[in-house]
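Predicted model and sequence follow; I will ask about them next.
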Amino acid sequence: MENIEIFARGVWECIPDEEDSSWVRNIAELPGSTKPAGDYGPIIKEMLSRGISADTIARFAKIVGYETAFGLCYHLGDSTGSYENFEDDEAEELDWKLYLVDPVTDEPTGALSGVHEVLLSMDPTGRQMRPKTIVEC
């Protein structure tokens, strides 16, 4: 397996698994607060109270997680297009890349680019984010 695929597989570890919806009811019990993401519990509780199943919420969380991971991986690989909405001219002088690092020296050994291009193919389900069944509304 190539380094880029190993990294993409690791990214998938950060994306919620739609096969496990047990977390949904636990999150729904969280009280609301003014802390960051303090409305997480109340939002999930409202979704459940409106008849949205825990499985559907888990699938939605996976989709949002994938879209976020894809966007971040794309952002890491395309720093030139990342400044479009910045008013600060200094931002145009910045550049970043994702590097593989030597574990002994901690020095970069090579850039990983195109992670967003392989991310979908590394979906652990093998479905490349396709739904199990077609959902009709």
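Yep, that arrived. Numbers count the residues shown, from 1 in each chain.

Next, the buried residues of stretch 25-32.
Neighbour counts using 16 or more other C-beta atoms under 10 Å place 27, 28, 30 of stretch 25-32 among the buried residues. Glycine gets a C-beta too; all of them are placed from N, C-alpha and C.

Need the CA coordinates for it. CSV is fine.
Output of stretch 25-32 as CSV, limited to C-alpha atoms (Å, rounded to 0.1, in the frame of the first residue of the first chain):
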residue,chain,number,x,y,z
ARG,A,25,-28.7,8.3,21.8
ASN,A,26,-25.8,9.0,24.1
ILE,A,27,-25.2,12.4,22.4
ALA,A,28,-28.9,13.2,22.6
GLU,A,29,-28.7,13.0,26.4
LEU,A,30,-26.1,15.8,26.6
PRO,A,31,-27.5,19.0,28.0
GLY,A,32,-27.2,22.2,26.0
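
Excluding its own residues, what touches it? List them.
With contact meaning C-beta atoms under 8 Å, 6 or more residues apart in numbering, stretch 25-32 is reached by 38, 39, 40, 41, 42, 44, 45, 48, 54.

cool, and stretch 97-109?
Stretch 97-109 has contacts (C-beta under 8 Å, 6+ apart) with 3, 7, 76, 77, 79, 110, 111, 112, 113, 115.

try 10 Å
3-4, 6-7, 73, 76-77, 79, 110-115 (C-beta atoms under 10 Å, 6 or more residues apart in numbering).

ok, these vs residue 136, which is closest?
For those, the closest approach to residue 136 (C-beta to C-beta) belongs to residue 73, at 31.5 Å.

quick one: that closest one and residue 114 touch, right?
Yes - using C-beta atoms under 10 Å as the test, residue 73 is close enough to residue 114 to be in contact (8.7 Å).

Looking at those two, which has the bigger crowd around it?
residue 73 (22 against 14; other C-beta atoms under 10 Å).

Quick check: the more buried one vs residue 119, distance?
6 Å (C-beta to C-beta, to the nearest Å).
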